[in-house]
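# Below: sequence and its predicted model.
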Amino acid sequence: MPPLTEQLRRERLRILGAMKERVEQVTESALAMMRAEIPAYAVQDEHFFEDVRHQVLSHYRVQLALLAGERSFASEELAFSRAAAMRRAREGFALEDYISAFRVGRQVFWEALRDCAGPSAAGQDAVLTLVAPLMRYMDFASTQAAQAYLEFQQYVVADADRERRDLLEQLLAGHMPARGPLLAAAQAYGIGAHLPMMVVVAVGVDGARHGGADTAAESGYITSAAISAAGVRAARVLVVVRHGEVVAVPVLRSGTEPDEICARFEEAQRHLARDGTVLAMGISTVAGGTAELPRAYQEARAALEFVPSGGGVAALPRLSPFQYLALRADAIARQLVDPRISALLDEDVRRGGSLAATIRAFADADLNLRLAAERLQVHHNTAHYRLRRIEERTGRNPRRIADLLELLVALAIRDAPWETEDVQ
């Protein structure tokens, strides 16, 4: 920009002097426009606007002094602006509303400068020389304020994370916070000392098998978002990334069944898998209050053993004691299965699984063969033939309770969803 002529310098000082006399009036105009254009500001009380008035007036006076060359600019002069940005963040204002207030303040200040310049050509030329320094100031000031705003928000997020972790540690120790911020946080998540709750533990599939923490830790916040998207947070659920795991503590509110919680977390797991984050999730049985949460946590971690190597959900509330015991079977239990039964079941898999289906249907029908045949949609004689074939090949008569139970156990062990070496 070429050097100012003496005439332009005098005109600038005249404009700035006139503006200095009107600065409080201009400030009120800015406040009025903020009320009119920013809905979040419009509903605030006079105490709030007294703070805004002080901020606007301080900015205007700093700008006038800088534009007049009364002093050089130092970033420390905007400490008041950074403090105000943090107050707005603490009060819950959106950053875009705060930046909108800056925009309004700049617009009003500029219009007032043009008005002070008057209609003369000299005045108009002089006011145009203020555009560049004015824009530089506003750009720097708004950037400083936005950075302070975001720094505070990051602090709040980190602080909230610490609070959630501290709360979870107390809960997993079986204690309900008695007072203070942790009690307030527990109440915000609907957690009470005697309320029914469950524990869900999720790990990356590598973490589930090899103890790696990175996959689950990196996907922790993604998991929380997926839980929200799947509807688990119809009411808020405590979700924390902890030691390479993602731990959730859903509360069973009135009318909520354990199966509903299981279904929602299954949806969250599928949602993540579709996006490329494959997790193994274990879900505990119901804890009758915070004192039972340590037991529920250990259940959820143990349930991870039942998840296939490709990920999925193992929900203990959906297992019968018989199914649980079969899933816990080790290599010795497999060896105890009669080889004739194993051979028949292996052959049956290759032939389409009709004999295994008949065994299960017969048990589900309480040994009523006719009902089992109807459910299998086969003729009664076909079902009868299958039972006779099973007895001939295995030496077990499915009509005898003890023999039928042995066949069912063999089926459950065969269908266990993990490899033998994974079972401890």
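Structure received.

# model confidence over the helix or strand hosting residue 404, on average?
In this assignment (DSSP states H and E), residue 404 forms part of helix 401-414. Confidence for helix 401-414, expressed as mean pLDDT, is 87.

# hey, C-alpha coordinates of that helix in CSV?
Output of helix 401-414 as CSV, limited to C-alpha atoms (Å, rounded to 0.1, in the frame of the first residue of the first chain):
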residue,chain,number,x,y,z
ILE,A,401,-33.7,-89.3,28.1
ALA,A,402,-30.1,-90.2,29.0
ASP,A,403,-29.3,-91.1,25.4
LEU,A,404,-31.0,-88.1,24.0
LEU,A,405,-29.1,-85.8,26.4
GLU,A,406,-25.8,-87.4,25.3
LEU,A,407,-26.7,-86.8,21.6
LEU,A,408,-27.6,-83.1,22.4
VAL,A,409,-24.4,-82.6,24.3
ALA,A,410,-22.4,-84.0,21.3
LEU,A,411,-24.2,-81.6,19.0
ALA,A,412,-23.6,-78.6,21.2
ILE,A,413,-19.9,-79.4,21.6
ARG,A,414,-19.6,-79.9,17.8
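
# ok, now which ones touch residue 337?
Neighbouring residues of residue 337 by C-beta atoms under 8 Å, 6 or more residues apart in numbering: 409-410, 413. Yep, even glycine has a C-beta here, placed from its N, CA and C like the rest.

# What is the burial count for the residue lying closest to residue 323 once chain neighbours are set aside?
Computed as C-beta to C-beta, 6 or more residues apart in numbering, the closest residue to residue 323 that is not its neighbour in sequence is residue 412, at 6.5 Å. Applying other C-beta atoms under 10 Å, we find 17 residues neighbouring residue 412.

# Surely residue 412 is in contact with residue 321?
No. Under the criterion of C-beta atoms under 8 Å, residue 412 is not in contact with residue 321, lying 11.8 Å apart.

# Quick check: the residue nearest to residue 323 vs residue 313, distance?
Residue 412 sits 19 Å away from residue 313, going by C-beta to C-beta, to the nearest Å.

# swap in residue 131?
Taking C-beta to C-beta, one finds residue 131 at 62 Å from residue 313.

# do the same with residue 126
Taking C-beta to C-beta, one finds residue 126 at 72 Å from residue 313.

# can I see the domain layout of the protein?
6-156, 183-318, 331-422 (automatic domain parsing).

# Turn the ones you listed into JSON lines, columns for distance to residue 177.
Putting those into JSON lines (distance: least, C-beta to C-beta, whole Å) gives the following:
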{"stretch": "domain 6-156", "distance to residue 177": "20"}
{"stretch": "domain 183-318", "distance to residue 177": "4"}
{"stretch": "domain 331-422", "distance to residue 177": "37"}
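
# what's the most buried one of the ones you listed?
Highest mean neighbour count among these (mean count of other C-beta atoms under 10 Å): domain 183-318, with a mean of 19.

# Next, the distance between the ends of it.
Its first and final residues considered, domain 183-318 spans 32 Å by C-alpha to C-alpha, to the nearest Å.

# again, but for stretch 173-188
End-to-end distance for stretch 173-188, by C-alpha to C-alpha: 20 Å.

# And the contacts of stretch 165-185?
By C-beta under 8 Å, 6+ apart, stretch 165-185 touches 163-164, 186, 189, 191-193, 238, 240, 242, 247, 249, 289-294, 297.

# Grab the longest helix from this structure for me.
helix 131-172 (DSSP state H).

# pLDDT of it, averaged?
Averaging pLDDT along helix 131-172 yields 81.

# quick one, the next helix or strand after that helix and helix 131-172 angle?
Per DSSP H and E, helix 131-172 leads on to helix 180-188 as the next helix or strand towards the C-terminus. Interaxial angle of helix 180-188 relative to helix 131-172 (axes from the mean of the first three to the mean of the last three C-alpha atoms, to 10 degrees): 80 degrees.

# other SSEs contacting the next helix or strand after helix 180-188?
Per DSSP H and E, the first helix or strand lying C-terminal to helix 180-188 is strand 200-204. If contacts are counted by 3 or more C-beta pairs under 8 Å, 6 or more residues apart in numbering; DSSP states H and E, strand 200-204 sits against helix 214-218, strand 245-249, strand 279-283, helix 293-303.

# quick one: which of the domains of the chain has the weakest pLDDT on average?
Looking at these, the bottom one is domain 183-318 with a mean of 79.

# secondary structure element for residue 381?
Assessed by DSSP H and E, residue 381 sits inside helix 380-394.
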